[in-house]
Each structure stands twice: as C-alpha cells, then as structure tokens.
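**Q** Build me a model from this:
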Amino acid sequence: MKRLAWPKRLPIDPYILALLATVGVAALFPARGTGADLASGGATAAVALLFFLYGARLSTREAVDGLRNWRLHLTVVACTFALFPLLGLAAEGLVPYVLTPALYSGFLFLTLVPSTVQSSIAFTSIARGNVPAAICAGSFSSLIGIFLTPLLAAALIGGQAGFSADSLVKIVLQLLVPFVAGQLLRRWVGPFIARHKKVLGYVDRGSILLVVYSAFSLGMVEGIWSQVTPLRLLALLGVEAVLLSVMLAVSWFGAKRLGFSREDRIAIQFAGSKKSLAGGLPMASVLFGAHASLAVLPLMLFHQMQLMVCAVIAKRRSRDPEALARDGLAGPEGTGPATAPARDAAVRTAAGTGTRSG
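**A** Reported below is the predicted structural model:
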C-alpha cells in the first residue's frame, strides 16, 4: 500500500493559506485590551524593521542605474497614483448596487496605495525584465506613497480617512525613517542581509501577518463584520478582477506605445499594476483606526489576486522567444527553447526569492 504524502507543490501559495488562517484566528481569538496593545505594537515594530531591511537592501549603484530611466519611473508613478485612482473613482457608480459604501471606501483606498517592492522585483526577474528598474520603481513608489497616499485618501475618501499632521508623522516614523536608516547603515548591515536573504522574506511575511491579526481583531471587537455578506465579497472580487485586468493591459500596451523596450515594459507592467500590502496596511491602521479591518479587506483580496495572476504572466514572459534568444536558451532557429531542463533551470534561477508580500 502506498503511503499518503504531502504534495510537493500546493495549488495555492502557502502564504495565502497563512493569511486566511490569521484572519480565522483573529475571528475566533481577537486581541483585546493589553493583548491588542501588544499586537499593535508588535505589528508596528515588525513593519519598521521591514522597511529598514528594504533600505539596507537597495544599493547606491542600483539606485543610480534606476534613476537614469526617469521615463520609466514617471510611467509607473502615473499608473500607480493617477490611473489607479481614476479607475477607483469611476467605480463609485457601483455603489450601492454592487459595493456597499464601506467596501467602496476600502476599494478606493487600495487604488491609492503605492506599488510593491519584493514581488515586483521577483516577477520582473522571472520574466527576464529590467530588474534594477523594478527595484528602483518599487522603492520610489513606496517612498512617494508615504506622503502621497495619505493626502489622496484625505482628498478622495474624506472624513472616513482620518488624515492629520499627526497621522502623517506616524506614517513617516514607521516607514520612511527606518528606510533611510537602512540606507545609512547599509555599508555595515548590507553584506549580512545579502548572505541571509531569507531573513527579509520572513520579516516581510511575518510583519504582514501581525498587522492583519491586529486589524482584524479590532474589527471583530468593534463588530464591523456584520456589514459584509458573502454575496458582497463575491461582487468585490469581480470588480477587483476587472481592475487588475485593465491595469495589466494598459501598463503593457501603453508602455509599448510609448516606445519602451521589452525589458522595461516588463518592469512597468509588474510595478505599475500592483499594490503593496506591506505599505497599505500600516497606513490604513493609522488613517481608519477601528474601521481598518474593513478598509483593508479589498487590498488583501487584490494583493492575493495580483500575486497569482502575475505569477502566471511572468512564467509565460520568461518563455518568450525574444527572451530565450537573448539569454542563449533558444533553439537552432532562435524561436524556441533549447531544452526544457535548461529553460526551467533558467526560470528557477531568475525567480530568486520568489513572491513575497511586498
């Protein structure tokens, strides 16, 4: 008789299962009182450490190389902080028939969040795109978003987003200051981080799980979840699927129309079509307070959707004849892979650290 074995490759990313499990734990055992304060403090410290590691990871040479491609960065910024919000505003016509006012506020907030860092880099690498540009685009978007996201939230969402000078200071202290400290100390801590790349992944994912648990615990205590029905959640998923499809298409074909190379178009598509859970969650906690759990629900769903969809796209891009020919993996005619093992080995090498929360 054959023994049952755990499958080597799960159809669902284990991190998605961890997120769902964290929401379940928060629903069954929400943090209250002192426990809530400890969870919130731990989440704040973990996110600060995450952005410190981001700063220490970005080398000066990578930043300079990326800065030279200023047209690419302007395109990513336009996708992230102009086109996304415009689509978010257009979705207001779906209220109250498809989205409730509370879910729409969260949906609009997700369109204001900066781009990802880790997953943009990973997917660009897998697809054989311009990795230095993706590193800089994601990092610059995160830094700009520290100031721009709260301002846009105050202007577009209004009173539901409690923007103030105090909230901006909290966001800057939690995200920008650790990032700058990482840059300043990179000379000493950078080599250690380079030797222990998995540390960044653990901190990345762990910090998100802590923030999710803290936010959803607060939502359970405040009784916010009575406002959401399964049908509304399905409707939200449908709206987000349309949003992601539009942004993936516009970022790819728009960049092609603007004359960017294939490598640059890949970086633009993956950095310009995604939203950061690591950057959005702490901002939502500051801006929305007790209503943060409902506000970040659209962002959480969109984040998982973008990871799964972009993983498929990145793999397909990695097998493009143009990319294979450039890397010496094409067959004799230059139109197909030389061998399946060589092709797959190259894809695994390019994947690097894989997808992370970003």
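**Q** From now on I want contacts and neighbour counts done on CA atoms only, so please keep to that.
**A** OK.
**Q** Distance check, I313 against I126.
**A** I313 sits 10 Å away from I126, taking C-alpha to C-alpha, to the nearest Å as the criterion.
**Q** do the same with G280
**A** Going from G280 to I126 by C-alpha to C-alpha gives 25 Å.
**Q** hang on, R187 in a helix?
**A** Yes - inclusion of R187 in a helix is indicated when DSSP: H, G, I helix; E, B strand; the rest coil is applied.
**Q** List the residues that contact it.
**A** Contacts of R187 were listed using C-alpha atoms under 8 Å, 6 or more residues apart in numbering, and none were found.
**Q** any idea how far it lies from Y213?
**A** Where Y213 is concerned, R187 sits at a distance of 34 Å (C-alpha to C-alpha).
**Q** and what of K198?
**A** K198 is 23 Å from Y213, where distance means C-alpha to C-alpha.
**Q** Tell me which of those two has more neighbours.
**A** Between K198 and Y213, counting by other C-alpha atoms under 10 Å, Y213 is the more crowded of the two (28 against 12).
**Q** per-residue confidence averaged over stretch 259-278?
**A** Across stretch 259-278, the average pLDDT comes to 92.
**Q** for stretch 14-24, same thing?
**A** Stretch 14-24 shows a mean pLDDT of 78.
**Q** and it, which residues are buried?
**A** Y15, I16, L19, T22, V23 (16 or more other C-alpha atoms under 10 Å).
**Q** how about the residues you listed in a markdown table, adding distance to F29 and secondary structure?
**A** Formatted as a markdown table, the entries for those read as follows, by distance: C-alpha to C-alpha, whole Å; DSSP: H, G, I helix; E, B strand; the rest coil:
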| residue | distance to F29 | secondary structure |
| --- | --- | --- |
| Y15 | 20 | helix |
| I16 | 20 | helix |
| L19 | 15 | helix |
| T22 | 10 | helix |
| V23 | 10 | helix |
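**Q** among those, which two are most distant?
**A** Taking C-alpha to C-alpha as the measure, these span a maximum distance of 12.5 Å, between Y15 and V23.
**Q** low-confidence ranges in the stretch 101-250 of the chain?
**A** 159-168, 199-201, 204, 219, 222-226 (pLDDT under 70).
**Q** in it, which spans are helices?
**A** For the stretch 101-250 of the chain, helices defined by DSSP state H, counting those that start in this stretch occupy the ranges 101-110, 118-126, 131-156, 165-171, 177-184, 186-195, 197-222, 230-257.
**Q** any idea which of these is most buried?
**A** Across the helices of the stretch 101-250 of the chain, the average number of neighbours (mean count of other C-alpha atoms under 10 Å) peaks for helix 118-126, which reaches a mean of 28.
**Q** Can you spell out which helices and strands pack onto that one?
**A** In terms of contacts (3 or more C-alpha pairs under 8 Å, 6 or more residues apart in numbering; DSSP states H and E), helix 118-126 is packed against helix 131-156, helix 262-272, helix 292-318, helix 340-351.
**Q** Quick one: closest of those to F81.
**A** Distance to F81, taken as C-alpha to C-alpha, is lowest for helix 131-156 among these, at 8.1 Å.
**Q** same for that closest one, what does it pack against?
**A** Under the contact criterion of 3+ C-alpha pairs under 8 Å, 6+ apart, the helices and strands touching helix 131-156 comprise helix 60-67, helix 70-78, helix 118-126, helix 165-171, helix 262-272, helix 277-288.
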